[in-house]
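Undergrad: 3D, please:
(2 chains)
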Amino acid sequence: MKNYFSTRWGIIGVGALIGLLAALLQKMGNPPNMGICVACFERDIAGALGLHRAEVVQYMRPEIMGFVLGSLVAALLARDFRPRTGSAPVIRFALGFFAMIGALIFLGCPWRALLRLAGGDWNAIFGLLGLAGGVFIGTLFLKGGYNLGPARKAPKFVGLAMPLIMAGLLVLAFMNPPVAGEGKSGVLFYSLSGPGSMYAPLFIALAIGLLVGGLAQRSRFCTMGALRDLILFKQIHLFSGLIALVAVAFLANLAFGQFKPGFEGQPVAHSMGIWNFMGMVLAGLAFVLAGGCPGRQLFLSGEGDGDAAIFVVGMIVGAAFAHNFAMASSPAGIGANGITGLVIGLVVCLGIGFFGMRKQA
Amino acid sequence: MTEILDERGLSCPQPVLDTLKTLPSVQGGKLSVLVDTEAARENVARAAESKGWQLASVDEKDGDYTLHLVKKS
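TA: Purely as a prediction, here's the structure:
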């Protein structure tokens, strides 16, 4: 059976739709230039669970659960659900952890970098250049023979672990709905101000998450892969989806009055160019070494990839550390320990890249 | 004898990298690549097609795919 979603027009259509839906989510309540942000939303989930106590970023974002569950459904329908694991899980945890440290220095994952650009936040240009730089460094390791070894087929329940965790988080969100004026509802923490207090209605966010998850699973949409394939193979397949996302998000932002060009005073962003750049160098390098951007890791975990699931867990734990250890940036600029985290992250990721290079047969 | 490349278990871009590395040295214009995800199957076929090769046929067995690539004359 031909998979139309993974053709050139398929990937362009999916990118365009993600751009439109992200702008819509923002219009319906998500934070500015953050219609969808995998890193930010996983960070908010870590906050909702009380893993960190940064009071402005606590919300159980249903988009994330939608991504994983939508991918699961699409994979099952297309008979593409393949439980597998065992490709250096602990290394993938570390890569997820430091990918998050880097992303929270910039304040966004690659998806949000694109959406920030489409919203007129020119600081995103430094982030995207950094992302390309990090991806470039990663491709050098790939050319040098870097890989984390093969995964093995696993029993079904192993592949279902991450979707079940996400379903559990969704149950928690349903059972502990936000209470007006309260920072806590049952076991979950909520934000009374800041980005964590801004969200689209739960069912709409979940529905859009499911749709995007399904489409992205079928089309293999990946922002890191877009840059990697361009650099490594001069191939523009995935990159065309990325361009479509920015173009449509830009037009939708114009239509919704959400386009505000400039460097200063951009929402949930800072204007320290060098750290916007360096944060994404770290994140980009970690994504290449792990084989996918944060969004792609969610979709892979939905189709049964246990190693991608560990990367996701690493990101959520990384978000908790980023805030607890003052490594995350804020609109005021880089966190007190942000540079320390960045340097440690670069050393660890370069080390993983170096030691992961295998002698060619 | 057709050369066989076993890329099962490896995540992208490894199967694509290895295929592209192997293609120029293939004798007889035929190469078979074993993969075990649909993404790898699509990516390997797409990459081979960009290098003047063609996906002649695919065998599926127990969730593994064998891609039979032939060089276009």
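
Undergrad: which ones are touching A:P83?
TA: By C-beta atoms under 8 Å, 6 or more residues apart in numbering or on different chains, the contact set of A:P83 is A:K153, A:A154, A:P155, A:K156, A:F157, A:V158, A:G159, A:L160, A:G304, A:G306. The way it works is simple: take the backbone N, C-alpha and C, and place the C-beta from them, glycine included.

Undergrad: likewise A:V317?
TA: Contacts of A:V317 by C-beta under 8 Å, 6+ apart are A:A46, A:L51, A:F93, A:G96, A:F97.

Undergrad: Give me the secondary structure label for it.
TA: helix (DSSP: H, G, I helix; E, B strand; the rest coil).

Undergrad: still on that earlier bit, among the contacts of A:V317, which one has the most neighbours?
TA: For the contacts of A:V317, the largest number of neighbours (other C-beta atoms under 10 Å in any protein chain shown) sits with A:G96, at 27 neighbours.

Undergrad: before we move on, which element is the closest residue to that residue other than its chain neighbours in?
TA: Among residues not flanking A:G96 along the chain, A:G314 sits closest, at 2.5 Å (C-beta to C-beta, 6 or more residues apart in numbering or on different chains). A:G314 belongs to helix A:306-324 when assigned by DSSP states H and E.

Undergrad: Then A:S191?
TA: Applying DSSP H and E as the criterion places A:S191 outside every helix and strand.

Undergrad: is it true that B:V33 lies in a strand?
TA: Yes - residue state for B:V33 (three-state DSSP) corresponds to a strand.

Undergrad: quick one: it and B:L5 touch, right?
TA: Yes - using C-beta atoms under 8 Å, B:V33 is in contact with B:L5, at 4.7 Å.

Undergrad: Return every residue with contacts to both of those two.
TA: Residues touching both B:V33 and B:L5 (C-beta under 8 Å, 6+ apart): B:T19.

Undergrad: Look at the two and report which has more neighbours.
TA: Neighbour count, other C-beta under 10 Å: between B:V33 and B:L5, B:V33 has more, with 28 against 19.

Undergrad: Quick one: residues contacting the more buried one.
TA: B:V33 touches B:I4, B:L5, B:E7, B:P15, B:T19, B:V44, B:T66, B:L67, B:L69, counting by C-beta under 8 Å, 6+ apart.

Undergrad: Take the residues you listed and write them to TSV, including pLDDT and distance to chain A.
TA: Formatted as TSV, the contacts of B:V33 follow (pLDDT from 0 to 100; distance: C-beta to the nearest C-beta, whole Å):
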residue	pLDDT	distance to chain A
B:I4	92	14
B:L5	93	11
B:E7	93	9
B:P15	93	10
B:T19	94	11
B:V44	94	12
B:T66	95	16
B:L67	95	15
B:L69	95	16
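
Undergrad: Looking at the residues you listed, which are in helices?
TA: The helices, defined by DSSP state H, take in B:P15, B:T19, B:V44 from the contacts of B:V33.

Undergrad: What is the neighbour count of the nearest residue to the second one once chain neighbours are set aside?
TA: For B:T19, the nearest residue in space outside its immediate sequence neighbours is B:V44; the separation is 5.2 Å by C-beta to C-beta, 6+ apart. B:V44 sits with 28 neighbouring residues when counted by other C-beta under 10 Å.

Undergrad: What of the one 10 residues further on?
TA: Summarising burial for B:Q54: neighbours were counted as other C-beta under 10 Å, giving 13.

Undergrad: correct me, but it touches B:A48?
TA: Yes - look at B:Q54 against B:A48 with C-beta under 8 Å: they come within range, at 7.4 Å.

Undergrad: okay, and the common contacts of the two?
TA: B:L69.

Undergrad: pLDDT score assigned to the residue nearest to A:G96?
TA: Looking at A:G314, its pLDDT stands at 98.

Undergrad: Neighbours of it, how many?
TA: 25.

Undergrad: measure it to A:A322 for me?
TA: Distance, A:G314 to A:A322, by C-beta to C-beta, to the nearest Å: 12 Å.

Undergrad: in the stretch 51-200 of chain A, which spans are helices?
TA: A:62-77, A:89-106, A:110-118, A:123-143, A:156-159, A:161-175 (DSSP state H, counting those that start in this stretch).

Undergrad: Reformat those as CSV; add distance to A:P83 and mean pLDDT.
TA: Compiled in CSV, those are given as follows (distance: least, C-beta to C-beta, whole Å; pLDDT from 0 to 100):
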stretch, distance to A:P83, mean pLDDT
helix A:62-77, 10, 98
helix A:89-106, 14, 98
helix A:110-118, 26, 98
helix A:123-143, 26, 97
helix A:156-159, 3, 97
helix A:161-175, 9, 98
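
Undergrad: For A:V212, find the nearest of those.
TA: helix A:62-77 (6.3 Å; C-beta to C-beta).

Undergrad: So which residues on chain B come close to chain A?
TA: With C-beta under 8 Å from any C-beta of the partner chain as the criterion, chain B meets chain A at residues B:8-14, B:16-17, B:20, B:36-39, B:42-43, B:46-47, B:50, B:63.

Undergrad: quick one: contacts for the residue of chain B at minimum distance from chain A?
TA: Closest to chain A within chain B is B:G9: 2.7 Å, counting by C-beta to the nearest C-beta. Counting by C-beta under 8 Å, 6+ apart, B:G9 makes contact with A:R84, A:S87, A:G149, A:P150, A:A151, A:R152, B:D36.

Undergrad: Please state the backbone phi and psi of the residue in chain A that chain B sits nearest to?
TA: Distances between chain A and chain B by C-beta to the nearest C-beta are smallest at A:P150, namely 2.7 Å. Main-chain torsions, A:P150, degrees, to the nearest 10: phi -70, psi 150.

Undergrad: residues near it, how many?
TA: By other C-beta under 10 Å, the residues close to A:P150 number 16.
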